[in-house]
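[1] Quick check, what structure comes out for this input:
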Amino acid sequence: MREDILKDLYHHPDYLEYLRYHPKWYYYLDLDPNYYKEFVKQVKKDLKITTYDKLESIKKQVNFASSMMNYFTKD
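    Modelled structure (predicted):
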């Protein structure tokens with residue numbers, strides 16, 4: 001595996017942990033370093049750390065806070 005990919009993996013502990021639980025990616029990353037972008041997309045999708053997932057989480061928190069405020073302000 002190329003050194004720049006290894007450095008990036010060790011820089012992102014989530015990626016490294018995902019790689020340890022899905023060893024098939026070792027083969028693909030060693031075979032062709034261009035698979036790294038696909039690997040990152042897959043990790044973000046599976047761990048739900050995409051921008052969309054973060055926005056959904058914030059949306060749920062705001063909705064919860066709003067419903068709690070409505071519940072406590074009712075007379």
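
[2] show me what contacts Tyr10?
    Contact analysis of Tyr10 by C-beta atoms under 8 Å, 6 or more residues apart in numbering lists Leu16. Every C-beta, even on glycine, is put in place using the N, C-alpha and C of the backbone.

[3] Low-confidence bits of this structure, can you list those?
    75 (pLDDT under 70).

[4] Render the CA-only coordinates of the single longest helix found in it in PDB, please.
    Longest helix in the chain, counting residues (DSSP state H): helix 51-73. Below are the C-alpha coordinates for helix 51-73, written out as PDB (Å, rounded to 0.1, in the frame of the first residue of the first chain):
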ATOM      1  CA  THR A  51     -22.700  15.700   5.300                       C
ATOM      2  CA  TYR A  52     -26.300  14.600   4.800                       C
ATOM      3  CA  ASP A  53     -26.200  12.400   7.900                       C
ATOM      4  CA  LYS A  54     -24.800  15.200  10.000                       C
ATOM      5  CA  LEU A  55     -27.600  17.500   8.800                       C
ATOM      6  CA  GLU A  56     -30.200  14.900   9.500                       C
ATOM      7  CA  SER A  57     -28.800  14.500  13.100                       C
ATOM      8  CA  ILE A  58     -29.000  18.300  13.600                       C
ATOM      9  CA  LYS A  59     -32.500  18.400  12.200                       C
ATOM     10  CA  LYS A  60     -33.600  15.700  14.700                       C
ATOM     11  CA  GLN A  61     -32.000  17.500  17.600                       C
ATOM     12  CA  VAL A  62     -33.700  20.800  16.600                       C
ATOM     13  CA  ASN A  63     -37.100  19.100  16.300                       C
ATOM     14  CA  PHE A  64     -36.700  17.400  19.600                       C
ATOM     15  CA  ALA A  65     -35.700  20.700  21.300                       C
ATOM     16  CA  SER A  66     -38.600  22.400  19.600                       C
ATOM     17  CA  SER A  67     -41.100  19.800  20.800                       C
ATOM     18  CA  MET A  68     -39.700  20.000  24.300                       C
ATOM     19  CA  MET A  69     -40.100  23.800  24.300                       C
ATOM     20  CA  ASN A  70     -43.700  23.500  23.100                       C
ATOM     21  CA  TYR A  71     -44.400  20.900  25.700                       C
ATOM     22  CA  PHE A  72     -43.100  23.000  28.600                       C
ATOM     23  CA  THR A  73     -44.600  26.300  27.500                       C
END
